[in-house]
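Engineer: Sequence and predicted structure below; questions after.
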Amino acid sequence: MAAVVWGTFLSPQAPVQLPGLLVLVLQTLVFGLAVAGLAATGNPTLALVFGVIVLVNAILMHIWGQ
């Protein structure tokens with residue numbers, strides 16, 4: 001399901017272009033569910049590391065205008 005949402009709405013060449021705020025919300029939902037899934041399976045450290053990496057990546061993409 002996440003791959004379909006990403007490919008349809010969030011990828012750089014998505015066939016459906018959404019406004020910036022909605023893209024941010026969907027990205028947060030997709031990555032937030034991944035972090036929650038890692039935490040729920042007993043990997044809180046891995047969930048934290050993944051969450052921090054996603055956050056740093058998002059900040060750098062914003063700074064670099066990507």
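Structural biologist: Okay, I see it. Numbers count the residues shown, from 1 in each chain.
Engineer: Roughly how far does residue 31 sit from residue 51?
Structural biologist: To residue 51, residue 31 is 8 Å away according to Cβ to Cβ, to the nearest Å. (Each C-beta comes from the backbone N, C-alpha and C, glycine too.)
Engineer: what do you get for residue 9?
Structural biologist: 21 Å.
Engineer: and if you look at residue 27?
Structural biologist: In terms of Cβ to Cβ, residue 27 sits 13 Å off from residue 51.
Engineer: Now for residue 40, how many residues are close by?
Structural biologist: By the criterion of other Cβ atoms under 10 Å, residue 40 has 10 neighbours.
Engineer: Show the pLDDT at residue 28.
Structural biologist: On pLDDT, residue 28 comes in at 91.
Engineer: I'd guessed residue 23 sits against residue 12; true?
Structural biologist: No: in this structure residue 23 lies outside contact range of residue 12 using Cβ atoms under 8 Å: 11.0 Å.
Engineer: The two: which is more packed in?
Structural biologist: residue 23 (14 against 5).
Engineer: what about the more buried one, which helix or strand?
Structural biologist: Using DSSP states H and E, the element containing residue 23 is helix 20-40.
Engineer: centre of the chain versus that helix, how much separation?
Structural biologist: 5 Å (Cα atoms, centre = their mean, to the nearest Å).
Engineer: Need the contact partners of it.
Structural biologist: Residues outside helix 20-40 that contact it (Cβ atoms under 8 Å, 6 or more residues apart in numbering) are 2, 5-6, 9-10, 18, 44, 46-47, 50-51, 54, 58.
Engineer: list the buried ones in it?
Structural biologist: 26, 27, 30, 31, 35, 38, 39 (16 or more other Cβ atoms under 10 Å).
Engineer: Find the residue ranges of this structure scoring beneath the pLDDT cut-off.
Structural biologist: Scanning the chain for pLDDT under 70 picks out nothing.
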